[in-house]
Every structure is written in structure tokens, then in C-alpha cells.
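Peer 1: just a sequence and a predicted model for now, questions to come.
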Amino acid sequence: MTMAYGNVDNLDEDDIDGHNFFCQIRYEYSLMSEYAQLQRHSIPGVYVLPSGQTSHMWYGLIFIRSGVYQGAIYKFTLTVSKGYPDDGCPEFDFQAGVFHPVVNCETGELDIRREFPIWRRGVDFLYHLLAYAQGIFYNVETRDPLNVEAAKLYNSDQDEYQARVKQSIERCKQEVLAPNVHDPHSIKFAEWNTDVMKAARTMIFEPEFLDTAEEDQEEPANAQVSGLSWVKKGTTQPFSKDKL
């Protein structure tokens, strides 16, 4: 898309406001498009929700289901600059305490540059970054590590490495329960409550708890006793408004 202005220095105040507005709309559209792509290219075990306070931050969780890190649940924050996708790689930060050669254990920073040395507009997308962030736990690399200790243990003492990983997993699981009080859209967890889950399961799987508007209507002899339908019971009329 060609910009209408050749030199920002020559713009008057109204032009600059219009230019900034256009850039903001373009930025918001880019992120909406990226989020839609993530929904189309869903990654099993990765869950993401945009911040409720700013469009350039996403909150997420990664679940690891096999390998050395099996059972791990890691919170993360993905941050993009207001010049995205033209001004470099986004930032990806796990919660502190992740023990991995390409993650800074103290800050949670993920080494993105090894996979995306240059962020290429129209080629690299945020779902690629999310897939990479999950993939590091299945294919551990130790070249040019951010966590030197983790890399050395992985190469020389697998028993100790796995013991440290398990300690890290347990710590991070506890931190997952800590709520982010600053943003209502952050993904929240609570301790397992058997009574709550039992009630939810009952509502899902037992037909008498389903919301049926015509519950007292006489059922046809061959009526289905479970499941949902977009058609009224005993008829072929769909649930749509009557024509005026």
C-alpha cells in the first residue's frame, strides 16, 4: 500500500493526526488478521487470549504432553510493537523459572532469533512463533544457549537435567494459579474443585439439564431423547424468526 505522504516534516497537524490514525487502523487490522490465522491454524496445547487493555499484548498457556517436559504448563506473554510487522520480531516471554537452554530462567525471555533472525513480513506469522515456542520442549537445542547451565546439564548429565526440569515444572504449575489482577483478559486457573466439575459434567452430559423451551410438549413416539438440534421438536421448522 502506497503512503499518501512523501515527507512527514512537511505535514500539518491535521495531516499528522490522519496519518497516525491510518497507521493505528493498519496495525489493528494486522493483529486481527494474525489472530484469525491462529484460529485457522490452531496448535494443540496452545491457548491464547488478547489483552483487555492493549492490542499489542497476548496472554497464553502452553501444555506439554510428552517427552522430558511432559505435564508442564507454562504461562507466556507475546508482545508486538506498534510498528508490527515491519519493525522486527515480537517479544515472547515465559513466566520466570522455566528451565531450558533457550529460555532465560530469570526473565523468561525466549531466544526468538535462532528461529527468526529476521522477521519477514508476509512470510513469518505469530502462529509460527507460537509453534516454535511449543516445539522447543520437544526438540531441545543447546547451541548458543541463554541458559548455559541447562545446556551443559542436558549434554553431560541427563538425570540431573530431568530432575531440574521436574522441579521447574512443579514451581511453574503453582505460579499458573496466581491471577493477573491487572488485566481481566488474562487466562485464569483455580484449584481443582470436584463438586464444581461434577456439576458441570452433569449439565453437559445429562439431557434433563439442557435448555429446552418446550420441555412439557408431548414427545413424538420416535423422538430423540438426547443431543441438540437447530429444528423444533416434532417439526421441520428451524429456530428462526417468523417472517413479518
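Peer 2: All right, it came through fine.
Peer 1: which SS class is Ile187?
Peer 2: At Ile187 the chain is in coil, as set by DSSP: H, G, I helix; E, B strand; the rest coil.
Peer 1: for the most centrally placed residue in the chain, give me phi and psi.
Peer 2: By Cα atoms, centre = their mean, the chain has its centre lying nearest to Val48, at 1.6 Å. Backbone geometry at Val48, expressed as degrees, to the nearest 10, gives phi -140, psi 140.
Peer 1: quick one, strands of this structure?
Peer 2: Taking DSSP state E, the strands of the chain run over residues 46-50, 57-63, 73-79, 91-94.
Peer 1: minimum distance to Glu115: which of those has it?
Peer 2: Glu115 lies closest, by Cβ to Cβ, to one member of the strands of the chain: strand 91-94, at 10.3 Å. Where C-beta positions appear, they are placed from N, C-alpha and C, glycine not excepted.
Peer 1: who touches that closest one?
Peer 2: The contact list for strand 91-94 (Cβ atoms under 8 Å, 6 or more residues apart in numbering) reads 74-80, 103, 107-110, 112, 129, 133.
Peer 1: and for stretch 133-142?
Peer 2: Stretch 133-142 has contacts (Cβ under 8 Å, 6+ apart) with 43, 45-46, 62, 64, 66-69, 72, 76, 92, 94, 100-103, 110, 114, 150-151, 154-155.
Peer 1: let's see 6 Å
Peer 2: Val46, Ile62, Ile64, Gly67, Tyr69, Phe92, Pro101, Val102, Leu110, Ala151, Tyr154, Asn155 (Cβ atoms under 6 Å, 6 or more residues apart in numbering).
Peer 1: chain center to that stretch: distance?
Peer 2: On the basis of Cα atoms, centre = their mean, to the nearest Å, stretch 133-142 sits 18 Å off its chain's mean C-alpha point.
Peer 1: quote the end-to-end distance of that stretch.
Peer 2: Start-to-end span of stretch 133-142 (Cα to Cα, to the nearest Å) is 15 Å.
Peer 1: give me the nearest residue to Ser186, chain neighbours excluded.
Peer 2: Computed as Cβ to Cβ, 6 or more residues apart in numbering, the closest residue to Ser186 that is not its neighbour in sequence is Asn180, at 3.6 Å.
Peer 1: quick revisit: can you pull the contacts of the residue nearest to the centre of the chain?
Peer 2: Trp58, Gly60.
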